[in-house]
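>>> What shape does this take:
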Amino acid sequence: MEAQAIARYVRISPRKANRVMALIRGKSIDEARAILKFSPGKAPKFVEKVLNSAVANAVNNFELSEDDLYVARAYANKGPVLKRFRIGTQGRVNPVKKYTSHLYIILEEKE
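Below is the predicted model of the structure:
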């Protein structure tokens, strides 16, 4: 049985989110939470939110025990890019891209 959680349009670049997702992939829930707690940056905060949501989905919807779960798949896909502009020198405008991500975490029961 697998449970999943998705966070869409999160204001972090997919590259930074995927670096954190790679750290927790294949780990137990307690181990993943410990890794996220001590990881620097803002990406672990978003990932931890999705992880907690996936655990809640597994416990409430499928009546699975939290101790028997592990992170089977965790990845971030590219979301829409927000295009903004900054004032440059001599009256020019410089484009700024603000990247968004869709975060996916899928949990499965240990065998």
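
>>> After the longest helix seen in the chain, which helix or strand is next?
Scanning the chain for the longest helix, with DSSP state H as the assignment, gives helix 43-62. Next helix or strand after helix 43-62 toward the C-terminus (DSSP states H and E): strand 69-78.

>>> on contacts alone, who are the packing partners of that next one?
helix 14-24, helix 29-37, helix 43-62, strand 101-109 (3 or more Cβ pairs under 8 Å, 6 or more residues apart in numbering; DSSP states H and E). Every residue, glycine included, has its C-beta placed from N, CA and C.

>>> okay if I get these as JSON lines plus distance to Gly91, mean neighbour count and mean pLDDT?
Listed next are the helices and strands packed on strand 69-78 as JSON lines, based on distance: least, Cβ to Cβ, whole Å; neighbours: other Cβ atoms under 10 Å; pLDDT from 0 to 100:
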{"stretch": "helix 14-24", "distance to Gly91": "33", "mean neighbour count": "19", "mean pLDDT": "97"}
{"stretch": "helix 29-37", "distance to Gly91": "45", "mean neighbour count": "16", "mean pLDDT": "97"}
{"stretch": "helix 43-62", "distance to Gly91": "36", "mean neighbour count": "18", "mean pLDDT": "97"}
{"stretch": "strand 101-109", "distance to Gly91": "34", "mean neighbour count": "21", "mean pLDDT": "98"}
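
>>> Look up the closest residue to Val96, ignoring the ones flanking it.
Here the nearest residue to Val96 in space, its sequence neighbours aside, is Arg84; by Cβ to Cβ, 6 or more residues apart in numbering that works out to 4.6 Å.
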